[in-house]
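Engineer: Fold the following for me, if possible:
(2 chains)
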Amino acid sequence: MRLNLFPLLVIAVVLFVVLNLSAGLIWVERRLLALWQDRYGPNRVGPFGLGQILADSIKLFTKEDWIPPFADKPVFILAPAIVVATSLISFAVVPFAPGFVIADLNIGILFLLAMSSLGVYSVVLAGWSSNNKYSLLGGIRAAAQMMSYEVFMGLSLLGSVILAGSFRLTDIVEAQRGLWFVVPQFLGFILFLIAGVAETRRLPFDLAEAESELIAGFHSEYSGMKFGMFFVGEYIGVILVSAAISLLFFGGWLGPVLPPALWFAVKTMFFICLFILLRAALPRPRFDQLMSWGWKVMLPLALVNLLVTGAVVLARR
Amino acid sequence: MASGLVLDQDLQQELGDTAAPQSVRDDIPTFWVSKDNIHEAIRLLYANIPNPYTMVHDLTAIDERGRVHREGQPPSDFTVVYHLYSFERNSYVRLKVALNEKQLSLPTITDICPAANWYEREVWDMFGIAFDGHPHLERILMPRTWSGHPLRKDHPARATEMGPFRLPDQKQDAEQQALQFQPEEWGMSRESEGFDFLFLNVGPQHPGTHGVLRIALQLDGEVIVDAVPDIGFHHRGAEKMGERQTWHTYIPYTDRVDYLGGVMNNLAYLTAVEKLAGITVPPRGQMIRVMMAELFRIISHLVWYGTFAQDLGQMSPVFYLFNDRERAFGIVEAICGARMHPNWFRIGGVAQDLPNGWDRLFRDFLQYLPPKLDEYDRTIMRNRIFKARTKGIGGCTIREAIEWGMTGPNLRACGLEWDFRKKQPYACYSQLDFDIPVGTSGDCYDRSVVHVEEMRQSLRIIQQCVDNMPGGPCNAEHPLATPPPKARTMHDIETLIHHFLGVSWGPVMPAGEAMAAIEGTKGNNGYYLISDGGIGSYRTRIRTPSFAHMQMLPQLCRGLMIPDLLAILGSLDYVLADIDR
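Structural biologist: Sure, this is the predicted structure:
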């Protein structure tokens, strides 16, 4: 019995941490942005404005959940669920510490990529089912963006896979005992970081949302907790990509003195803050610029990175 | 009339004997041209004479039916007034056409100068004067279902004159029906060679339009085939209000025309009023005015800078720039007592002299802003995504810009070094040393460069004003200046009477007309005032730069994408109040 209970415990802990963290990130993001923008941010509810998280959740849960009469109802309801579900499922393969993982699949990275790719259905379907031209444009942009950024996202990871000789995430972390992969795979790291930002559709890659052009794009018509799910889904995505970066390039839980889980948390948090800083700093490129950049610059670079890594590993044998 | 006829023999010769000159108070050559000859006369001045008048500066009308003082002018019920401007001559010309109430139509000039399009529509909308041959003579500012023409003298000016508002179901249905979008009515086709266009309604509630502006977009995918701006949502009848306010009490209304420009609007209006009255402002008053106007140019440009970056998706700069603006407002508040709409200039001067310690406020600001501007250069102007989004987007040539009445920073971005502060110096600009920044291609990036550099030049001007502020009175000693001098009111009855009348009625301007145009924050801002010898204006015409710039929008954004449209809108630097008045 003890053996069967442990995964359930892990699942419970992971769900608890991830969901609360993503809710808490709303507060973190607002406070950090405020700090960088010379203003206060939410500081009224509770100590440091921390009660804002609770207040926001209550607000989202109790708001009228309105479905526009012109929307395609089943799809409209399904769409926000997909983004939360796929990003939560992805956490199944994420090792938080040695042995602390829900499912240590031997194709962990592929599973991760597959799940995060599924997430785009959420955006496209939401944009389509809303029956709103702005949402539709947002959905189409999202689809095109995903298509071009998925490709080199996968390729940029293969360098790490080659170095570790495994698709299993725990193996990849263990392979970094001597040296974090960010050093030999610096290009891969940069590529994956950019693709990761694009994957989570955050500035400067928030073209599907583009509030100054498409007025929130794909989720214009959403309200209440359905909107909340897109909101939370975005933050889960941010946590996931940050976790993936620290696992694949920064040695995951590896580190001196501190307990492994804490190391992992610190590294992940650093990248989460980097995401927020990017949002505070950068303007938004145009849709076609983004696409041509993805296909003409990032993809060739990812291929070169793969080729060189493979060649070096072969030569060393 | 005090001032005489402006005799321009060459112009008279060009226009022929049928054109009758008229005396005005602003030194702009003015001719009456008959309805039959106006088309030919415009064609002549616009294209067929040496150094032609290539810019349609303004086109408006006057309801003359209630006007008493029209000595030396041909009989007319409605007069259409054309202001043309020549860059080579650096001068305006004014043509007037007299119309009979029973035959309110004249030929359009849109076939000669396309920029007259919106102006003619506005005249039709406001006066009911038809332009024969106009391609799209529809209402432009008022809703389509409106009855009557607001700027006619018999149209009520106040809501209380119109009877209570009612909206029975029938009327509501009709109004809603009128709002249905029919691409054909906007001059757009629904389909092309086997595919349908996508029509996107941008605004009037949209974060990227900076106000209640509506644009109907005809899209092929995300590519803009055509864009038609729909304006008038911000129309408050500022010109009509001018007819029932006194000369003095109209000043606060001008604040709200370009609501980011504050006292800059006062300056444009008062320059025209002072031309009518023949008032010369003393040096100190002029210097104070220029100093405050330039501060408002900076304030307006700061808002533009931040919001433009935000339009391009950069979310932080707007906060920094609004903080800086807040500091500038601190100065405005200390000096004027108000912030955005200080209503602080007066006929013949300013509301009061500068407070003690004013120079320290300015000196602090002059120290504070330049390093900040350098920082923003690094975060905004040199950002590569910013450059990618703005370079080569929405550009136009100098020729196009002039043709469409583009002025101000947008015109200078095309490469034409043209600033009315230098070319037709008003106030004390001739004594001040500053440069005119110019761009080359007129695209969004060049517009940004010009805007940013203008802030630095404005700082230079303010620095000179602070260092060289002359002494003496800041208000003119003139019977028509406001507020009237009070010092001797308790000593003799004559001054008391004059003061009492000056305060209760306001000054009575001598009959006549004058136009004054200044380099406002966004371009050439002109007031064309007609006095009928009363305490208020008979007709107030406001020529705003944003109106002309918005008319250019379709040709700037055709063939580009939706994000480019937002970049162009942001870079054009307009405010809706300035478009609709």
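
Engineer: When you work out contacts or count neighbours from here on, use the C-alpha atoms and nothing else.
Structural biologist: OK.

Engineer: Any regions of the chain where pLDDT drops low?
Structural biologist: I went with chain A, as the question did not name one. Within chain A, the ranges that satisfy pLDDT under 70 run A:1-3.

Engineer: look at chain B instead
Structural biologist: By pLDDT under 70, the weakly predicted segments of chain B are B:1-8.

Engineer: What residue in it comes nearest to chain A?
Structural biologist: With CA to the nearest CA as the measure, residue B:314 is the residue of chain B nearest to chain A, at 3.9 Å.

Engineer: To what extent is that residue buried, counted in neighbours?
Structural biologist: The number of residues packed around residue B:314, counting by other CA atoms under 10 Å in any protein chain shown, is 25.

Engineer: Then the one 3 residues further on?
Structural biologist: When neighbours are counted by other CA under 10 Å, residue B:317 registers 23.

Engineer: do the same with residue A:73
Structural biologist: 13.

Engineer: Go ahead and confirm it touches residue A:79.
Structural biologist: No. Applying CA atoms under 8 Å, one finds residue A:73 not in contact with residue A:79, separated by 10.1 Å.

Engineer: one step back: need the contact list for the residue of chain B closest to chain A.
Structural biologist: By CA atoms under 8 Å, 6 or more residues apart in numbering or on different chains, the contact set of residue B:314 is A:279-284.

Engineer: Quick check: phi and psi on it?
Structural biologist: According to degrees, to the nearest 10, the main-chain angles of residue B:314 amount to phi -90, psi 120.

Engineer: And chain B, split by domain according to the record?
Structural biologist: Taking automatic domain parsing as the reference, chain B has its domains at B:9-156, B:238-580.

Engineer: what about residue A:245, which helix or strand?
Structural biologist: Using DSSP states H and E, residue A:245 falls within helix A:224-249.

Engineer: packing partners for that helix?
Structural biologist: Judged by 3 or more CA pairs under 8 Å, 6 or more residues apart in numbering or on different chains; DSSP states H and E, helix A:224-249 is in contact with helix A:2-36, helix A:51-62, helix A:73-90, helix A:133-164, helix A:169-174, helix A:186-199, helix A:260-281.

Engineer: which one of the ones you listed lies closest to residue B:242?
Structural biologist: helix A:133-164 (41.1 Å; CA to CA).

Engineer: Residues of the stretch 151-300 of chain A that sit close to chain B?
Structural biologist: By CA under 8 Å from any CA of the partner chain, the residues of the stretch 151-300 of chain A that approach chain B are A:203-204, A:210-213, A:215, A:279-286.

Engineer: Count residues in the vicinity of residue B:375, would you?
Structural biologist: Residue B:375, neighbours per other CA under 10 Å, totals 12.

Engineer: buried residues in whichever strand or helix holds it?
Structural biologist: Using DSSP H and E, residue B:375 maps to helix B:358-376. Buried residues in helix B:358-376, counted by 16 or more other CA atoms under 10 Å in any protein chain shown: B:359, B:361-362, B:365-366, B:369, B:373, B:376.

Engineer: possible to save the residues you listed as a markdown table with distance to chain A?
Structural biologist: What follows is the buried residues of helix B:358-376, written out as a markdown table (distance: CA to the nearest CA, whole Å):
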| residue | distance to chain A |
| --- | --- |
| B:359 | 27 |
| B:361 | 22 |
| B:362 | 23 |
| B:365 | 18 |
| B:366 | 21 |
| B:369 | 16 |
| B:373 | 16 |
| B:376 | 12 |
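
Engineer: Dump the helices and strands packed on helix A:224-249 to TSV, plus distance to residue B:390.
Structural biologist: Listed next are the helices and strands packed on helix A:224-249 as TSV, based on distance: least, CA to CA, whole Å:
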stretch	distance to residue B:390
helix A:2-36	25
helix A:51-62	37
helix A:73-90	34
helix A:133-164	20
helix A:169-174	43
helix A:186-199	22
helix A:260-281	17
